[in-house]
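Colleague: got a predicted model here, sequence first, then my questions.
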Protein chains: 2
Amino acid sequence: MAGKREQNREQNRQALIGAVLDSVAEKGISETSVSEIIQRAGLSRGMIHLHFGGKDNLVQAAAHHSSEEYYDGLEALLQTAGDSPQERVEMIVRGDLSERVLNRRNVSIWYAFRGEARNRTAIAEYSDTRDGRLRGMIHNAFARIVREAGTPDASGAARDATHGTLALLEGMWTDFLLHPDRFDREEAARIIFRFLSAMFPTHFSLKGAVRTTAEEALPPPCA
Amino acid sequence: MAGKREQNREQNRQALIGAVLDSVAEKGISETSVSEIIQRAGLSRGMIHLHFGGKDNLVQAAAHHSSEEYYDGLEALLQTAGDSPQERVEMIVRGDLSERVLNRRNVSIWYAFRGEARNRTAIAEYSDTRDGRLRGMIHNAFARIVREAGTPDASGAARDATHGTLALLEGMWTDFLLHPDRFDREEAARIIFRFLSAMFPTHFSLKGAVRTTAEEALPPPCA
DNA sequence: CATTAAAATGGACAATCGTCCATGAAAATG
DNA sequence: CATTTTCATGGACGATTGTCCATTTTAATG
C-alpha cells in the first residue's frame, strides 16, 4: 500500500498538472505563469522545482497528461463498439465529436499547445503521438474494410480514407474552437459520413445521420 | 505625394509588423518580446509605444496584416480562374494548398495566433474574418452549383459542401504543420476532390488529380 | 517518544518583461 | 538660414518572470 508520504506527493503532482491545464484553458499559455499555477493549486512556490525540476518540465507533463486523457477517453468508447471495422470507425468519429472529448476545455488546451508545438520539441512530441495513435486505429479499420472488399493493392484507398477522415475531424475541431456555441455535432458527423459513404458505399450509409431535406433532394450515391 | 516624413514612418511601422511575424514564425508567441522585436526590426525601443501604443496593439496589427496577406494572395489566384463555380472552387482549393499560401512560415504564424485567439479577442476577430471571407467565397460557388442542378431547397447541400471543404482544408493545414516534410500537396488535393466529386458527380471529377493504382482499383463512383 | 528522512514552505535573487519620457535628430515650413 | 514640428532614440522604471535554497513541517522509523 502507498504510504501517506507518497500519497500526498502524487496528489500534489496531480494538483500542479491540473492547475496548469486549467490555466491554459482559461487564460492561455502566455498567461500561465508560476504564480498563476501555484495559486490555482494552492501550493507553495517551491513545489514546481521540487517535483518537476522547473516550469517547462511541468508544462510538458501537463501536455502529456492531457494527451493520455484524450486517448483513454477514446479507447474507453472503443471498447463499447462492435468488432466490425465500420462500427469501429463510426465509434471513433462519434467519440471524437462527443461532448466527453470535444468540449471547450479540451479544445482550448489542445490548440494552445499546438500553437507552441513548433517551437517546443517536447510538446510537439505528444501532439504527434496522440495523432499517431488515432491514425493507427483508423487506418487499421479501413485496411480491414479494403481487404474485405477484396480489391487488390488498394492500400492507397485505406490511406486516403484515413487521411480524409482525420482531416475532417481536425477541421471540425477547429470549427468548434472558433464557434463553440454555433457548433452542431450532428451536422459534423453527417458530413464525415457522407465522405465515407462516398468512398465505401457498401460499408457506410447515411442512415445513421439525421436526414435533412437537402439530403433527400440529392440523388442517392449510386442509384 | 508622400513626404519623406510619412514615408519613413510607414516604413518603420511595416518593419515592426514584419519583425513580429518573423519572430512568431521562428520562435513562437511566448518568445516574441519587445526586445526581440526591436532587435529584428533594427529600431529603437520606444518605436512600439510611439507607433502602436503598446506591444499588444502591435501584435494585433501583425495578425491583421497576416490575415490580409493571406486573403490577398488567394484573391489574386481567384482572378486567374474561370467564371464557372467549379473552376472557382478548384482554384480556391489548389490555391489554399499551394506553396504560395501553405508554407512553413504562414502555417507557423497562423497556428501560433490561433492558439492565443481564445484569450485575445482582437486576434480571434481576424482569425474569424479570414475564415469568414473564405467561407463566403466557397459557399457562393457551391450555391451556384446547386442552383444549376435545379434541385429544389438544396441550400443544405451547399452548406454541407462548404463545411466539408473548409474542414478538409483545415485538416490539411494541420497535417502540414505537424509534418511539413512528409506533406504531399497532390494527395491532399486528390482527397478533397474525391469528397467533392461524391457530392457533385456531374460537376467534379478526379481527372485533374494524379491517378494512383489504388484509385484505379476502386470502383467508379457510379458505374 | 526520540530520531531520521522526506516533503513542503515562502522569500531572496537576478533576469527579463513592457511602458514611458527626457533628449536628440531630422524633415518641413517660413 | 532660422524656426517649428514631427519622429526616433535608448535608458530608467516598477512589475513580474522562473529558479533556487535555507528553513520548517510532517510522516516514517527505531
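Modeller: Great, that's in hand.
Colleague: what are the phi and psi values at A:S33?
Modeller: The phi/psi pair for A:S33 (degrees, to the nearest 10) reads phi -100, psi 170.
Colleague: against DNA strand C, how distant is it?
Modeller: Counting by C-beta to the nearest atom of the strand, to the nearest Å, the gap from A:S33 to DNA strand C is 11 Å. In this view, the C-beta of every residue, glycine as well, is placed from N, C-alpha and C.
Colleague: again, but for A:M47
Modeller: Counting by C-beta to the nearest atom of the strand - A:M47 and DNA strand C are separated by 5 Å.
Colleague: thought that residue was touching A:N12?
Modeller: Yes. The pair A:M47 / A:N12 is scored as a contact, 6.2 Å apart, by C-beta atoms under 8 Å.
Colleague: shared neighbours of these two, anything?
Modeller: Here A:M47 and A:N12 share the contacting residues A:A41, scored by C-beta atoms under 8 Å, 6 or more residues apart in numbering or on different chains.
Colleague: check the burial of the residue of chain A at minimum distance from chain B by counting its neighbours.
Modeller: Residue nearest to chain B within chain A (C-beta to the nearest C-beta): A:G115, separated by 2.1 Å. By other C-beta atoms under 10 Å in any protein chain shown, the residues close to A:G115 number 28.
Colleague: ok, the nearest residue to it once chain neighbours are set aside to A:D131 distance?
Modeller: In space, and not counting its chain neighbours, A:G115 is closest to B:G115: 2.1 Å by C-beta to C-beta, 6 or more residues apart in numbering or on different chains. Using C-beta to C-beta, to the nearest Å, we find B:G115 at a distance of 16 Å from A:D131.
Colleague: which ones are touching A:D175?
Modeller: Residues in contact with A:D175, defined by C-beta under 8 Å, 6+ apart, are A:F183, A:A188, B:H163, B:L166, B:A167, B:E170.
Colleague: so the first one, which of the three states?
Modeller: Secondary structure for A:F183, judged by DSSP: H, G, I helix; E, B strand; the rest coil, is coil.
Colleague: domains of chain A?
Modeller: Domain assignment of chain A by automatic domain parsing yields the ranges A:1-53, A:61-217.
Colleague: could you tell me the least trusted of the ones you listed?
Modeller: Per-stretch mean pLDDT for the domains of chain A is lowest at domain A:61-217 (a mean of 86).
Colleague: that domain close to DNA strand C?
Modeller: No. Against DNA strand C, domain A:61-217 shows no contacts by C-beta under 7 Å from any atom of the strand, the least distance being 13.9 Å.
Colleague: picking up where we left off before, and DNA strand D, which of the contacts of A:D175 reach it?
Modeller: Here nothing survives when the contacts of A:D175 are matched to DNA strand D using C-beta under 7 Å from any atom of the strand.
Colleague: got those residues as TSV, with distance to B:Q79 columns?
Modeller: Shown next, in TSV, are those (distance: C-beta to C-beta, whole Å):
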residue	distance to B:Q79
A:F183	33
A:A188	33
B:H163	26
B:L166	21
B:A167	26
B:E170	24
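Colleague: dump the residues you listed to JSON lines, plus distance to A:D56, secondary structure and neighbour count.
Modeller: As requested, the contacts of A:D175 are exported to JSON lines (distance: C-beta to C-beta, whole Å; DSSP: H, G, I helix; E, B strand; the rest coil; neighbours: other C-beta atoms under 10 Å in any protein chain shown):
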{"residue": "A:F183", "distance to A:D56": "33", "secondary structure": "coil", "neighbour count": "17"}
{"residue": "A:A188", "distance to A:D56": "35", "secondary structure": "helix", "neighbour count": "25"}
{"residue": "B:H163", "distance to A:D56": "38", "secondary structure": "helix", "neighbour count": "23"}
{"residue": "B:L166", "distance to A:D56": "35", "secondary structure": "helix", "neighbour count": "20"}
{"residue": "B:A167", "distance to A:D56": "33", "secondary structure": "helix", "neighbour count": "24"}
{"residue": "B:E170", "distance to A:D56": "29", "secondary structure": "helix", "neighbour count": "21"}
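Colleague: name the element the residue nearest to A:G115 belongs to?
Modeller: Applying DSSP states H and E as the criterion places B:G115 in helix B:104-117.
Colleague: quick check: next helix or strand after that helix?
Modeller: Going down the chain from helix B:104-117, the next helix or strand is helix B:121-149, by DSSP H and E.
Colleague: any buried residues in that following helix, and which?
Modeller: For helix B:121-149, the neighbour count (16 or more other C-beta atoms under 10 Å in any protein chain shown) marks B:123-124, B:126-127, B:130-131, B:134, B:137-139, B:141-146 as buried.
Colleague: out of those residues, who's nearest DNA strand C?
Modeller: DNA strand C lies nearest to B:I123 out of those, by C-beta to the nearest atom of the strand, at 14.8 Å.
Colleague: for the contacts of A:D175, which one is nearest DNA strand C?
Modeller: B:E170 (29.3 Å).
Colleague: helix, strand or coil: sort out the nearest residue to the closest one once chain neighbours are set aside for me.
Modeller: Nearest non-adjacent residue to B:E170, counting by C-beta to C-beta, 6+ apart: A:G171, 3.7 Å away. Following three-state DSSP, we place A:G171 in the helix state.
Colleague: hmm, A:G171 is touching B:T165, no?
Modeller: No. The criterion here is C-beta under 8 Å, and A:G171 misses it with B:T165 at 9.0 Å.
Colleague: ok, now which ones touch the residue in chain A that DNA strand C sits nearest to?
Modeller: When scored by C-beta to the nearest atom of the strand, chain A has A:G46 as its residue closest to DNA strand C, at 2.0 Å. Contacts for A:G46 (C-beta under 8 Å, 6+ apart) come out as none.
Colleague: same question, the one 5 residues further on
Modeller: The contact partners of A:H51, by C-beta under 8 Å, 6+ apart, come to A:R9, A:N12, A:R13, A:L16, A:L58.
Colleague: please consider this matter closed, and thank you.
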